[in-house]
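Visitor: Predicted model, plus sequence, below.
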Amino acid sequence: MILVFFSLCLGALLGALFRFPWYVFFPATVLLWRKNKGVSIAVFFILSGAFLYSLGTLSPGNYELVGLAEGSRVTHVKVFQGEWKKVHSIRMRTSKDGYIYAIGHYDGSIFYPSYLRDLEKPSPRRLREQFSKEVKGTAFSLLFGEKDNAVYRSGLGHFFAVSGLHVGIAFSLYTTLISLFTWRRTYQEFVALLLLIPYVLSVNTPSVLRAYLTILLWKILRTLGFKTTPSYITATVGSLMIVFDPTVLFTSSFLLSFFVTLSILNSKNIFELVVKAYLSSLPFLCLFFGETNISALLFSIPMSFAVIPVTWVSHLSFLLFLLGLKASSMVAADVANIISFPVDVLIKLSNMMPVIPLPKFLFFILIPVPLILLFDIRGIIRRTSDRAIL
């Protein structure tokens, strides 16, 4: 499945770089099938990724559109071209969050609105906004990935980026609470997954979707009796996300989430995990952020232990808020902010460390690092020559 995932990634990249009717090459995969099934399958998914990207690509021009603004990205986009037509997610110069209506110019890369207004349409982000009115401080920052300049410069911002750690902690909290009512593990896990949905939708980033879908797919396959591995599940989820929206490949959240996760799955201890995570993220730090802080290596291990209780209590606060117990929710949030003292200290210590600039050209030099960490290249080539890796 890893071969399928990387083939789709390469295909989406080719589709973004070259406007071409990629579907004309699909018959070639039939000819390749007789000679090498593995290569044939890789080529098929590369062409599929390029073709899927081209299907919903918006050409440069003037448009009116509606969509869900999330930072600098607009998802669930529909443009009016005689009728409302769904297209891929696009980038937009706006600070708004929630559903919007906009008129403006798209230059092929970024949409520049000349008119923009909010739409009164229910959004998962509204739940987050309501919670933010009640809860402040580190508890809210850890829960929803809010990062100020101090966190960005510390090199420890990945602990504030909502991902597998946050979803895993929430999942463990919910299963623990549900175990008070039923001893059946299957019931505990699936009810916990249902309770996680409001949180996942209110954050709605590729990394949190990856984490949630990975747990969901893992539990479904295990319940049905299928044997699987974490790398297979992660690659499957990544492939599905690219199929539904190929533009997600070009977000920092998606690239960091999947490449780092796949790189650390076979780590034997926490020290190896921290080093692999840091090295595999370096090329993407060059591409998207342009700097790094050496404290990411020095303080990641103590930080990982410090954020767990804070995140656990913060999720408890959010759950109580969902249940309408606002007073109890605020008490839990206050407790989370109190026990976040070690987190705040580590952030301050990290900001005393030097920030190292990372020019973008280093991306092309460092990108082999996560690929080497991901898998044994020689083993992949050997197995590909014999059979398809599915």
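Guide: Received it, and whenever you're ready, just let me know what you need.
Visitor: Next, V79: secondary structure please.
Guide: strand (DSSP: H, G, I helix; E, B strand; the rest coil).
Visitor: Isn't it up against S59?
Guide: No. Using Cβ atoms under 8 Å, V79 is not in contact with S59; the gap is 10.1 Å. (Glycine included, C-beta is placed from N, CA and C.)
Visitor: out of those two, which sits in the busier spot?
Guide: Comparing V79 with S59 by other Cβ atoms under 10 Å, the one with more neighbours is V79, at 20 against 9.
Visitor: contacting residues around that one?
Guide: By Cβ atoms under 8 Å, 6 or more residues apart in numbering, the contact set of V79 is L58, Y63, E64, L65, K85, V87.
Visitor: Quick one, which of these are buried?
Guide: With neighbours counted using 16 or more other Cβ atoms under 10 Å, the contacts of V79 contain these buried positions: L58, Y63, L65, V87.
Visitor: out of these, which are inside helices?
Guide: Among these, no member is found in helices (DSSP state H).
Visitor: Of these, which belong to strands?
Guide: Among these, the members falling in strands (DSSP state E) are Y63, L65.
Visitor: and which of the buried ones among the contacts of V79 is nearest to K348?
Guide: L65 (43.1 Å; Cβ to Cβ).
Visitor: Who are the contact partners of the closest one?
Guide: Contacts of L65 by Cβ under 8 Å, 6+ apart are V74, V77, K78, V79, F80, Y101, A102, I103, F111.
Visitor: Show me what it is bridged to.
Guide: L65 forms beta bridges with V79, A102, as assigned by DSSP bridges.
Visitor: mean confidence score for stretch 164-172?
Guide: Taken as a whole, stretch 164-172 carries a mean pLDDT of 82.
Visitor: List the buried residues for it?
Guide: Residues of stretch 164-172 classed as buried: G164, L165, H166, V167, I169, A170, F171 (neighbour count, 16+ other Cβ under 10 Å).
Visitor: tell me the secondary structure for F363?
Guide: helix.
Visitor: Could you shift the numbering so residue one becomes 36, and keep it that way?
Guide: Shifting the count to begin at 36 puts that one at F398.
Visitor: which non-adjacent residue is nearest L314?
Guide: V404 (5.2 Å; Cβ to Cβ, 6 or more residues apart in numbering).
Visitor: sorry, that was for P405
Guide: S315 (3.8 Å).
Visitor: chain center to stretch 97-104: distance?
Guide: 23 Å (Cα atoms, centre = their mean, to the nearest Å).
Visitor: export it as CSV, just CAs?
Guide: Only the C-alpha atoms of stretch 97-104 are listed here, as CSV (Å, rounded to 0.1, in the frame of the first residue of the first chain):
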residue,chain,number,x,y,z
ASN,A,97,-12.5,35.8,-12.3
TYR,A,98,-14.9,33.8,-10.2
GLU,A,99,-17.6,33.9,-7.6
LEU,A,100,-17.4,31.1,-5.1
VAL,A,101,-18.5,29.7,-1.8
GLY,A,102,-16.5,27.5,0.5
LEU,A,103,-15.2,26.8,4.0
ALA,A,104,-12.2,29.1,4.8
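Visitor: List the residue ranges of the stretch 286-425 of the chain that fall below the pLDDT cut-off.
Guide: Along the stretch 286-425 of the chain, segments meeting pLDDT under 70 span 410-425.
Visitor: I'd like to know how many residues surround L215.
Guide: 8.
Visitor: my read is it is in a helix, agree?
Guide: No. Per three-state DSSP, L215 lies outside any helix segment and is coil.
Visitor: counting contacts, what elements does the longest helix seen in the chain pack onto?
Guide: Ranked by residue count, the top helix of the chain under DSSP H comes out as helix 335-357. Where contact means 3 or more Cβ pairs under 8 Å, 6 or more residues apart in numbering; DSSP states H and E, helix 335-357 is packed against helix 159-169, helix 173-179, helix 199-213, helix 220-238, helix 305-323, helix 361-373, helix 376-385.
Visitor: circling back: for L87, state which of the contacts of L100 is nearest.
Guide: Closest to L87, out of all of these and judged by Cβ to Cβ, is V112, at 15.5 Å.
Visitor: Quick check: phi and psi on L93?
Guide: phi -90, psi 120 (degrees, to the nearest 10).
Visitor: Leaving out the residues flanking it, which one is nearest to it?
Guide: V122 (4.7 Å).
Visitor: List the residues that contact the one you found.
Guide: V122 neighbours (Cβ under 8 Å, 6+ apart): G91, T92, L93, V112, K113, V114.
Visitor: related to what we said a few turns ago, what is the neighbour count of the residue nearest to L314?
Guide: Neighbours of V404 (other Cβ under 10 Å): 17.
Visitor: Do I have it right that it meets A312?
Guide: No. Using Cβ under 8 Å, V404 is not in contact with A312; the gap is 11.6 Å.
Visitor: element containing the residue nearest the centre of the chain, please.
Guide: Closest to where the C-alpha atoms of the chain average out (Cα atoms, centre = their mean) is S242, at 1.8 Å. Assessed by DSSP states H and E, S242 sits inside helix 241-258.
Visitor: Let me see the residues that make contact with the following helix or strand past that helix.
Guide: Following helix 241-258 in sequence order, the next helix or strand is helix 265-279 (DSSP H and E). Residues outside helix 265-279 that contact it (Cβ under 8 Å, 6+ apart) are 36-37, 39-40, 43-44, 47, 83-84, 87, 241, 244-245, 248-249, 252-253, 256, 283-284, 289, 293, 296-297, 300-301.
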